[in-house]
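Colleague: Sharing a model prediction with you, sequence too.
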Amino acid sequence: YLSNHSVKDLSPCHAVMGSAGLTPPTLAFVGHAPLSSSSREVPWRSLPREHKPSSWKLGAVAPTAGGCLAAGISAVRRHRLHHRKVTCYALDPGEYGLPPKLAAMSSALAALPNDRMRYQQLMALAGKLEPMPAELKITENKVPGCLSTVHVHAALQDDGTVTFKGDSDALISKGLCALLVLCLSGCTPAEIVAVKPEFIQASGITASLTPGRNNGFYNMFKLMNEKVAALQSGPSGDPEEASAAIPDLQIYNTLARNKQQFQTLEPGIVKMYVCGVTVYDLCHLGHARVMVFFDIVARYLRHLGYKVTFVRNVTDIDDKIIKRSNEAGEPAEALSRRMEQEMQKDAQSLGCEPPDFEPRVSDSMAEIKEMVRTLVEKEFAYPGKAGANGAGRDVYFRIRRFKTYGQLSRCSLDGNEAGARVEVESDKESPEDFVLWKSSKPEEPNWSSPWGPGRPGWHIEC
């Protein structure tokens, strides 16, 4: 119990924390306990008065080999609280294939008594990361699917171990990057490949992070493994040879209406795009089906030996988002970000791996406007009439110009009934033409364009 220990007596705990790379506490207490997820009631009454200032800043240390847990409470006021429950996480390093440094660090984080302290320690780890040379911050080292910009680089040493370098422009992402870079550097490729990324959940770290940050962590880990695999394989060989080793695969061809041999444009390489969620509300069962189905497709193709680049967009600009934000009195951007985080949380709970890239519509505006401009230039699209009072113009896709339109669905344009589903705009050349760029109404989100202020139509966003 605490009454039997002075701060001086507890000083060895500082060394334990230091060996794990954590910031030593100003005060700590220890207690024998099994390494399991549980709550411990800590007695405060028996502590001498001289050790009871009005506010304490306490820390925590890793479990020792003998099963001794050290923990702490942040900002405890004695006149308000005599007891405080401490929650520790269970983490078996062997279950997740953790090498020694990562095992010590993860166990130390798991032993911390609350999520806030784990979050603070991640930020402290960010300061331990060595600066990454500017020449390494290139596209091939950029981690896809992160809320912030993260780079990681791997190099194989003469002794067969791997050294990583990394950096991020956001402090918490930098902390996650530091956790992996500092703890996996010096490991062999076999040790790194053996690590299961789910250790991050067992350590309790994910509870203090947003879904977007969790998604970013898995993407960091994934890219680091890809780099390790590339280091092991050395210079790439003949792609035709590599492709020949992949088993045959039959898939259904919607255009031909039969199963055919799967053939890629580049030998051994699959580039897969999936239309993502329009983030105006919580996901439903249909969204879950798409997430799980294409996650399985990507995993299976990789299992066969294909190098897969999986892209799934996020539609964060749409009439439904604007309508819902007006109803809720919430800015459209805030609503879409909140729903995007919920979507990421749902995908993670389903056990889906994050795609390699998740471009948002709002981050791809330059590319969308250029695509519309090219379609207008080639006469596949056309601007409508100019709006009143200097308002912008809508831009429509000219369906009749695209001769093979409707082949996949085997629907004839001649059988369509104008206005059956949506009202026909008066400035369309043909009722079936659809909008690529929409002129904005007052108070709506808009971007400048050659056709005036507006936003993309749904069809070109995906």
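Modeller: Looks like it came in fine.

Colleague: Before we move on, what's the pLDDT of Ala418?
Modeller: Looking at Ala418, its pLDDT reads 57.

Colleague: can you check the one 3 residues further on too?
Modeller: Among the per-residue scores, Arg421 shows a pLDDT of 55.

Colleague: who's in contact with His256?
Modeller: Heads up, residue 256 is Ala, not His. Contact analysis of Ala256 by CB atoms under 8 Å, 6 or more residues apart in numbering lists nothing. The C-beta positions use only the backbone N, C-alpha and C, and glycine is treated the same way.

Colleague: Please tell me how far stretch 396-408 is from the chain's geometric centre.
Modeller: 36 Å (CA atoms, centre = their mean, to the nearest Å).

Colleague: Ramachandran angles for the closest residue to Lys137 other than its chain neighbours?
Modeller: Spatial nearest neighbour of Lys137, excluding adjacent residues (CB to CB, 6 or more residues apart in numbering): His151 at 4.8 Å. Main-chain dihedrals, His151, degrees, to the nearest 10: phi -120, psi 140.

Colleague: now do Leu408
Modeller: phi -60, psi -40.

Colleague: What about it, how many residues nearby?
Modeller: Neighbours of Leu408 under the rule other CB atoms under 10 Å: 9.

Colleague: so it makes contact with Arg257?
Modeller: No - contact between Leu408 and Arg257 fails when scored by CB atoms under 8 Å: they sit 10.2 Å apart.

Colleague: mind listing what Pro93 touches?
Modeller: Here Pro93 is in contact with Leu102, Ala103, Ser106, Ser107, Phe199 (CB under 8 Å, 6+ apart).

Colleague: Model confidence score at Gly454, please.
Modeller: 93.

Colleague: wait, what's in contact with it?
Modeller: Residues counted as contacts of Gly454 (CB under 8 Å, 6+ apart) are Gly392, Arg393, Asp394, Trp437, Lys438, Ser439, Ser440, Asn446, Trp447.

Colleague: rerun at 10 Å
Modeller: Going by CB atoms under 10 Å, 6 or more residues apart in numbering, Gly454 touches 369, 387, 391-395, 435, 437-441, 444-448.

Colleague: Can I have the buried ones of these as a PyMOL selection?
Modeller: Filtering these down to the buried ones (16 or more other CB atoms under 10 Å) takes a single PyMOL command:
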select buried, resi 369+387+392+393+394+395+435+437+438+439+440+444+445+446+447
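
Colleague: Mark which of the contacts of Gly454 are part of helices, please.
Modeller: In helices, defined here by DSSP state H, the members of these are Lys369.

Colleague: hang on, the earlier thing: between the contacts of Pro93, which has the most around it?
Modeller: The most neighbours of any of those, using other CB under 10 Å, belong to Ser106, which has 25 neighbours.

Colleague: what helix or strand is it on?
Modeller: helix 100-111 (DSSP states H and E).

Colleague: Downstream of that helix, the next helix or strand is which one?
Modeller: For helix 100-111, the following helix or strand on the C-terminal side (DSSP H and E) is helix 115-126.

Colleague: How about the secondary structure of Leu375?
Modeller: Following DSSP: H, G, I helix; E, B strand; the rest coil, the label given to Leu375 is helix.

Colleague: how far away is the nearest residue to it once chain neighbours are set aside from Ser364?
Modeller: Excluding its sequence neighbours, the residue lying closest to Leu375 (CB to CB, 6+ apart) is Ala381, at 3.9 Å. In this view, Ala381 and Ser364 are 18 Å apart by CB to CB, to the nearest Å.

Colleague: Same question for Tyr273.
Modeller: 13 Å.

Colleague: just Leu301 next, same as before
Modeller: Distance from Leu301 to Ser364, by CB to CB: 25 Å.

Colleague: Check which residues of stretch 399-413 are buried.
Modeller: Ile399, Arg401, Gly406.

Colleague: again, but for stretch 296-309
Modeller: Val297, Ala298, Leu301, Leu304, Tyr306, Lys307, Val308.

Colleague: again, but for stretch 375-388
Modeller: Leu375, Val376, Ala381, Tyr382, Pro383, Gly384, Gly387.

Colleague: Now those residues in TSV, please, with extra columns for pLDDT and distance to Leu249.
Modeller: Listed next are those as TSV, based on pLDDT from 0 to 100; distance: CB to CB, whole Å:
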residue	pLDDT	distance to Leu249
Leu375	95	34
Val376	95	39
Ala381	94	37
Tyr382	95	42
Pro383	93	44
Gly384	89	45
Gly387	66	51
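
Colleague: Name the nearest residue to Ala194, ignoring sequence neighbours.
Modeller: Gly97 (3.7 Å).

Colleague: Let me have the buried residues of stretch 399-413 in JSON lines, extended by pLDDT, distance to Gln263 and secondary structure.
Modeller: Shown next, in JSON lines, are the buried residues of stretch 399-413 (pLDDT from 0 to 100; distance: CB to CB, whole Å; DSSP: H, G, I helix; E, B strand; the rest coil):
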{"residue": "Ile399", "pLDDT": "91", "distance to Gln263": "30", "secondary structure": "helix"}
{"residue": "Arg401", "pLDDT": "91", "distance to Gln263": "29", "secondary structure": "helix"}
{"residue": "Gly406", "pLDDT": "85", "distance to Gln263": "25", "secondary structure": "coil"}
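
Colleague: With distance to Asp248 added, can I get those in a markdown table?
Modeller: A markdown table is the format used below for these (distance: CB to CB, whole Å):
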| residue | distance to Asp248 |
| --- | --- |
| Ile399 | 38 |
| Arg401 | 39 |
| Gly406 | 32 |
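
Colleague: how about the helix or strand hosting Leu231: buried residues?
Modeller: Assigned by DSSP H and E, Leu231 belongs to helix 211-233. Residues of helix 211-233 classed as buried: 211-225, 227-228 (neighbour count, 16+ other CB under 10 Å).

Colleague: And it, what does it pack against?
Modeller: Applying 3 or more CB pairs under 10 Å, 6 or more residues apart in numbering; DSSP states H and E, one finds that helix 211-233 contacts strand 150-156, strand 162-168, helix 171-184, helix 189-194, helix 199-202, helix 332-349.

Colleague: got the angle for it vs strand 162-168?
Modeller: Interaxial angle, helix 211-233 versus strand 162-168 (axes from the mean of the first three to the mean of the last three CA atoms, to 10 degrees): 150 degrees.

Colleague: For helix 211-233, the averaged confidence score.
Modeller: Average pLDDT, helix 211-233: 84.

Colleague: for stretch 168-183, same thing?
Modeller: In this model, stretch 168-183 has a mean pLDDT of 91.

Colleague: and what of stretch 432-440?
Modeller: Stretch 432-440 shows a mean pLDDT of 92.
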